[in-house]
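my questions concern the predicted model and sequence given below.
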Amino acid sequence: MVQIDVPAAFIASQFFLDIGKTVIKKHAAESDDAKPATYYKFLYRSLFFAGAVIAPAGIFLLAAYPGWEQIYWTRRVEFVVNNPVNSLIPALFVMFIVLGGYLGHVIGYRWIVTGKEKYLRPCYLGLLAAVALLVLSQYPSFIYLGTYDQYHNLNGQVRESMAHVWNNPHGFSISWIMVMCYFAVPLLWLIVKIRNEVKSCG
């Protein structure tokens, strides 16, 4: 969902820094550069995950299931073809995902190397909790699949007559599982890679 994907990039970048902070502090202490190679290594990971994992997954769901993907906040995403104003929404969506990953890295890295790492985990876990509360507050939007007008009963159809996401209308549940796998595999790969670096760092 749009409301999850943008903060997820920020959360992921800070999470990567958190599990790799031992390596980051060691290399920062050993280097005379303000931004040693480790800074750019973790920046690459954050931007790779934001731009090559979260953004494509989000855009796929936004294009295929626009109402559900933004939990029926606006009908504009359903009419983007030949509409320059509405077409900005997917473009801005990707931009903010990548920007979220970048800002999460910049802020988190600065906290680690300046001895303020205690702020890191509360920051990204607090944001995660806030996002979860936001989405849950929109119940039952995430269990119904359809258009903005259907969800808001603007065409006379009752909400309960909409398709449920687990009934696989238009291949939704299959698509969602594929997207989650696409998200999970790189995430696990990066976690394992960073943890191995921490172990080898001693």
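Everything's here; your move. Residues are numbered from 1 along each chain as shown.

for Glu78, see how far away the residue of the chain positioned farthest from its centre is.
In the chain, Gly156 marks the outermost C-alpha relative to the chain mean, sitting 34.3 Å out by CA atoms, centre = their mean. Distance of Gly156 to Glu78, computed by CB to CB, to the nearest Å: 18 Å. For every residue, glycine as well, the C-beta is placed using N, CA and C.

phi and psi next, for His164.
Dihedral pair for His164: phi -90, psi 150, per degrees, to the nearest 10.

now it. Nearest residue, chain neighbours left out?
Excluding the flanking residues, the one nearest His164 by CB to CB, 6 or more residues apart in numbering is Ile143, at 5.9 Å.

run a quick neighbour tally on that neighbour.
When neighbours are counted by other CB atoms under 10 Å, Ile143 registers 12.

ok, Glu69 next?
22.

need the contact list for it.
Met1, Val2, Gly58, Leu61, Leu62, Val77 (CB atoms under 8 Å, 6 or more residues apart in numbering).

gap between it and Arg45?
For Glu69, the distance to Arg45 equals 25 Å [CB to CB].

next, the buried residues of stretch 71-84.
By 16 or more other CB atoms under 10 Å, the buried positions in stretch 71-84 come out as Ile71, Tyr72, Arg75, Arg76, Val77, Val80.

thought the fourth one was touching Ile89?
Which is Arg76. Yes: with contact defined as CB atoms under 8 Å, Arg76 counts as touching Ile89 (6.1 Å).

can you give me the helices in the protein?
Secondary structure of the chain by DSSP state H: the helices cover 2-19, 21-30, 37-49, 55-64, 66-69, 84-113, 120-136, 148-151, 172-201.

so which of those helices is nearest Val165?
helix 172-201 (5.6 Å; CB to CB).

elements contacting that closest one?
helix 2-19, helix 21-30, helix 37-49, helix 55-64 (3 or more CB pairs under 8 Å, 6 or more residues apart in numbering; DSSP states H and E).

got the phi/psi numbers for Trp73?
Dihedral angles for Trp73 - degrees, to the nearest 10 - are phi -80, psi -30.

how far away is it from Ser173?
22 Å.

for this protein, what are the low-confidence residue spans?
Low-confidence segments of the chain, defined by pLDDT under 70: 202.

ok, back up a step: could I get the helices of the chain as JSON lines with distance to Met162?
Conversion of those to JSON lines gives the following (distance: least, CB to CB, whole Å):
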{"stretch": "helix 2-19", "distance to Met162": "19"}
{"stretch": "helix 21-30", "distance to Met162": "45"}
{"stretch": "helix 37-49", "distance to Met162": "33"}
{"stretch": "helix 55-64", "distance to Met162": "16"}
{"stretch": "helix 66-69", "distance to Met162": "9"}
{"stretch": "helix 84-113", "distance to Met162": "22"}
{"stretch": "helix 120-136", "distance to Met162": "18"}
{"stretch": "helix 148-151", "distance to Met162": "5"}
{"stretch": "helix 172-201", "distance to Met162": "12"}
